[in-house]
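Peer 1: Predicted model and sequence follow; I will ask about them next.
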Amino acid sequence: MRVDAHIHITDSQGETLIGTCRDLSATGMQLSVSRPFNVGDTLTTRMESAGGQTPALETECEVVRCEPADDGYLLGINIVQVTR
């Protein structure tokens, strides 16, 4: 499903950045970010709902792909667990 929403991404060292969730499925996401990540990196994410009418989507994920893009990098991530 095409999303195009801001998403907070936290790496295993606790550094948080804001990216864009481009696509969302039951098992993964495609994210646009400003810096590269390594395949196998563990991330946590938090994406607020539009209008705040439903709870935020929070996940634990693993990076499965990182490719250069025009405005940064595109990540393919596997959702390991939905935590909220």
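Peer 2: Thanks, I have it. Residues are numbered from 1 along each chain as shown.

Peer 1: give me the beta-bridge partners of the residue lying closest to Ala26 once chain neighbours are set aside?
Peer 2: Computed as CB to CB, 6 or more residues apart in numbering, the closest residue to Ala26 that is not its neighbour in sequence is Ile79, at 7.8 Å. For glycine as for every other residue, the C-beta is placed from the backbone atoms N, C-alpha and C. Beta bridges link Ile79 to Cys61 when assigned by DSSP bridges.

Peer 1: Let me see the contact set for Ile79.
Peer 2: Contacts of Ile79 were listed using CB atoms under 8 Å, 6 or more residues apart in numbering, and they are Ala26, Thr27, Gly28, Met29, Thr59, Glu60, Cys61.

Peer 1: Among these, which are located in strands?
Peer 2: With strands defined by DSSP state E, the entries of the contacts of Ile79 inside them are Gly28, Met29, Thr59, Glu60, Cys61.

Peer 1: which of these are buried?
Peer 2: The neighbour count (16 or more other CB atoms under 10 Å) marks Gly28, Met29, Thr59, Cys61 as buried among the ones in strands among the contacts of Ile79.

Peer 1: Most widely separated two among those?
Peer 2: Gly28 and Thr59 (9.6 Å; CB to CB).

Peer 1: most remote residue from this protein's center?
Peer 2: For the chain, the residue at maximal distance from the C-alpha centroid (CA atoms, centre = their mean) is Gln53, at 20.6 Å.

Peer 1: do you know how far that one is from Glu15?
Peer 2: 30 Å (CB to CB, to the nearest Å).

Peer 1: Likewise for Asp70?
Peer 2: For Asp70, the distance to Glu15 (CB to CB) stands at 23 Å.

Peer 1: Looking at the two, which is more packed in?
Peer 2: Neighbours were counted for Asp70 and for Glu15 using other CB atoms under 10 Å; Glu15 has more, 9 against 6.

Peer 1: if we can go back for a sec, of all the contacts of Ile79, which comes closest to Gly40?
Peer 2: Cys61 (11.2 Å).

Peer 1: what sits against the closest one?
Peer 2: By CB under 8 Å, 6+ apart, the residues touching Cys61 are Gly28, Met29, Thr42, Leu43, Thr44, Thr45, Ile77, Asn78, Ile79, Val80.
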